[in-house]
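In: Sharing a model that was predicted from the sequence below.
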Amino acid sequence: RLKLRSYTSIDFHGSTQLGSTEMSRLTLDAPQLLGLGTATDTVVVQARNVVLANSSGRTAPTNAQTQVEQGASSLQILAQPLLRDGHTGGLTIDASLGHNQAAGALAGQRLGFAKSLLESTGDIVFQGRGQTLAQGDLTLRAARVTATSTSDQQVDAAGTLAIERHAAGKTLNESLGAGGKLGLTGALVQQKGLIDIEAGRLSLIGRGVAGQSDTVIFANGSQTRVDGRLREVSDSYAVASGGGQITAEAQTGRLVVDGQLSAAAPVMPTGYTGDNPYAGSISLKAAGSTDGAVVIGTNADINLEAAS
């Protein structure tokens, strides 16, 4: 195991490799990860399980003009967990804000790279209260992007924020608790993978880019779910969580839905008693006064099913 901690920044010079596929756990705990290299340099961080956090609650360092340093290289964080004992594991985005700390412009953990890839062959799990700020484009690639019940996390990419399904990824799809919160924001937001947060509150916001008509995209084959789950307490009684909330907004340009959006509630099995939970809600908004539009594609599947 390896843990690197800084109260200011962890700087990577040139093309650097940290960790290995045999390392069980690697933690980067700092207000900022910064790439001090050129556009041809790539920093690779890998382990079976990787944790990103900022336990100090301090903000990213600035110069005399209160400006942060801009990184030019690329970042790849690669987690390759061993699935066992009902636990998927992978990449954990942990707490990076203090209890009463506001999610300001430099708070949380900053990724100072031109491009950043956070990849897991298992899950990407958000937990605790925090904020991840990406200087440029950011890709989340995993079998599943999810959150625990403690999650109150925000991700904001100055460039494109893409969520992708890992081609060789596997998830056990285990429950990590109900009601986690996750906000995903970028200039463009492209959801191409699996986001699954039990009874969660999920927000996706695209700011828009000049010359780009589609600002928020739920691509064909993508799955975005905040469904409730059922748990059998005995052979005749079950408890269930209701559906959560999905809100998506394109501040300019179009919001395109061609994948699955689901905030469904589970159905009580025959012969079981228990409260029937309600389905959740899905809100889609295109705010642009001239170019705004919500487009429902031919492959769109919006599910708000409930037992009652």
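Out: Arrived safely. Only a predicted model underlies this, so the values are computations on that prediction, with no experimental measurement involved.

In: Could you pull up phi and psi at Glu249?
Out: Here is the backbone geometry of Glu249 (degrees, to the nearest 10): phi -140, psi 130.

In: I'd like to know how many residues surround it.
Out: 21 (other C-beta atoms under 10 Å). C-betas here are computed from N, CA, C, even on glycine.

In: And the closest residue to it other than its chain neighbours, how far from Leu204?
Out: Spatially, and ignoring its direct neighbours in sequence, Glu249 is nearest to Lys285 (4.4 Å; C-beta to C-beta, 6 or more residues apart in numbering). According to C-beta to C-beta, to the nearest Å, Lys285 stands 11 Å off from Leu204.

In: Name the residues contacting each of those two.
Out: Thr247, Ala248, Glu249 (C-beta atoms under 8 Å, 6 or more residues apart in numbering).

In: and which of those is nearest Ala147?
Out: The shortest gap between Ala147 and any of the shared contacts of Lys285 and Leu204 belongs to Thr247, at 15.2 Å (C-beta to C-beta).

In: show me the contacts for the closest one.
Out: Leu202, Ser203, Leu204, Ile282, Ser283, Lys285.

In: if you set the cut-off to 6 Å instead, what comes out?
Out: Ser203, Ser283 (C-beta atoms under 6 Å, 6 or more residues apart in numbering).

In: Now find how far off-centre whatever helix or strand it lives in is within its chain.
Out: Taking DSSP states H and E as the criterion, Thr247 maps to strand 245-250. Chain-centre distance of strand 245-250: 14 Å, with C-alpha atoms, centre = their mean, to the nearest Å.

In: thinking again about what came up before, so is the residue nearest to Glu249 in a helix, a strand, or just coil?
Out: strand (DSSP: H, G, I helix; E, B strand; the rest coil).

In: and if you look at the one 10 residues further on?
Out: Here Val295 takes the strand state, with states given by three-state DSSP.

In: Gln135 and Val43: what is the separation?
Out: Relative to Val43, and taking C-beta to C-beta, Gln135 is found at 13 Å.

In: How about Ala107?
Out: 23 Å.

In: Which residue of the two possesses the greater neighbour count?
Out: Val43 (25 against 22).

In: what mean pLDDT would you report for stretch 129-138?
Out: The average pLDDT within stretch 129-138 is 97.
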